[in-house]
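Enquirer: Here is the input, now give the coordinates:
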Amino acid sequence: MKSIFNPSTDRIKKLAELFPDRIKELEEIFAHSTNIYIDYANVLHWSRKLNWHLDLKRLKQFLNSFLTIKTIRFYTGTLVGDEKSEDFNKEASRLGYDLKTKPVKIMKLSIDVSSIPADSTDVLKNFIKRPLLNNLKVETIEYLNAKLKELNDQGKKYIEVRKCNFDVEIGRDMLLDYERNKINNYILWSGDSDFADPVNQLLKDGKKVVIFATSRRISLELAQTQSLKYDIQKIRNFICFPSELPQEVKSKL
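Expert: Numbers count the residues shown, from 1 in each chain. Have a look, this model is predicted:
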């Protein structure tokens, strides 16, 4: 069978020679027409836990090396007015990703405890789920409120929470690609539980779904689907920042 892997750069060719098993695995995964869906907020969160980062340029070059990949959809929010955020998204688009973006919502959540009793959960309930709150001792509630009061005394009365969720958009695009573009393989870079329903629907219709994530970063609902799972750490050397490559790999490139 003709190989579907055609390295787009000399560096990828050298890495493929160093790690042929990884290429073989991915050739099997990408054996038929494939679309990729990257939930960047999830990926960014993984990077902080793994201590290495996704290089957008290297990832695109690597995925471009597989001839069956049709589209790489990239979902990320835009922090309007923030030059770094806007430049990042422009770069993703320039590299050839099918960029899907929308403004990041910034919510201000009050941490002001100045007008509530020391044992009140009125503020804490916005940050701690009720089942857990109900199991905390009064002393713990009072301690947490005291810590919030310390922040209040320093002039901090609220915290900012950024929100930009693409679960609906990604799920919709996966199903539309099935209906309109006749894609066979669906590669989802996310571990969110909200994708369990569209994944199950695609599997029910005989399509192949692979979750690209990392260990302990997949929700229970998604883990319980019959989709294949692929740990992105296996392809770290192909997609991380060059400065984050292990020294033994650098020395061979």
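Enquirer: sec struct for Pro7, please.
Expert: Classification of Pro7 using DSSP: H, G, I helix; E, B strand; the rest coil returns coil.
Enquirer: Over to Tyr186?
Expert: On the three-state scheme (three-state DSSP), Tyr186 is labelled strand.
Enquirer: Verify the stated contact: it with Ile211.
Expert: No. In this structure Tyr186 lies outside contact range of Ile211 using CB atoms under 8 Å: 9.6 Å. C-beta coordinates here come from the backbone N, C-alpha and C atoms, glycine included.
Enquirer: residues shared between the contacts of these two?
Expert: Common neighbours of Tyr186 and Ile211, using CB atoms under 8 Å, 6 or more residues apart in numbering, are Val199.
Enquirer: Report the central residue of the chain.
Expert: If you average the C-alpha coordinates of the chain and look for the closest C-alpha using CA atoms, centre = their mean, you land on Asn42, 2.3 Å from that point.
Enquirer: where's Phe88 relative to Tyr97, distance?
Expert: If you measure Phe88 against Tyr97 using CB to CB, to the nearest Å, the figure is 11 Å.
Enquirer: ok, those two, which is more surrounded?
Expert: Regarding Phe88 and Tyr97, a neighbour count based on other CB atoms under 10 Å identifies Tyr97 as having more, with 23 against 17.
Enquirer: mind listing what the more buried one touches?
Expert: Going by CB under 8 Å, 6+ apart, Tyr97 touches Ile38, Leu56, Lys60, Ile72, Arg73, Phe74.
Enquirer: try Ile235
Expert: Contacts for Ile235 (CB under 8 Å, 6+ apart) come out as Arg22, Leu26, Phe62.
Enquirer: Pull up the pairing partners for the helix or strand containing Lys70, direction included.
Expert: Remark: Lys70 resides in strand 69-75, with elements defined by DSSP states H and E. Based on DSSP bridges, the pairing partners of strand 69-75 within the sheet are strand 34-39 (parallel), strand 98-100 (parallel).
Enquirer: most tightly surrounded among those?
Expert: strand 34-39 (a mean of 24; mean count of other CB atoms under 10 Å).
Enquirer: what does that strand contact?
Expert: For strand 34-39, contacts defined as CB under 8 Å, 6+ apart pick out 63, 66, 68-75, 97, 166-167, 170, 173-174, 177, 181, 183-190, 192.
Enquirer: Filter these down to the buried ones.
Expert: With neighbours counted by 16 or more other CB atoms under 10 Å, the contacts of strand 34-39 contain buried members at 63, 66, 69, 71-75, 97, 166-167, 170, 173-174, 177, 183-190, 192.
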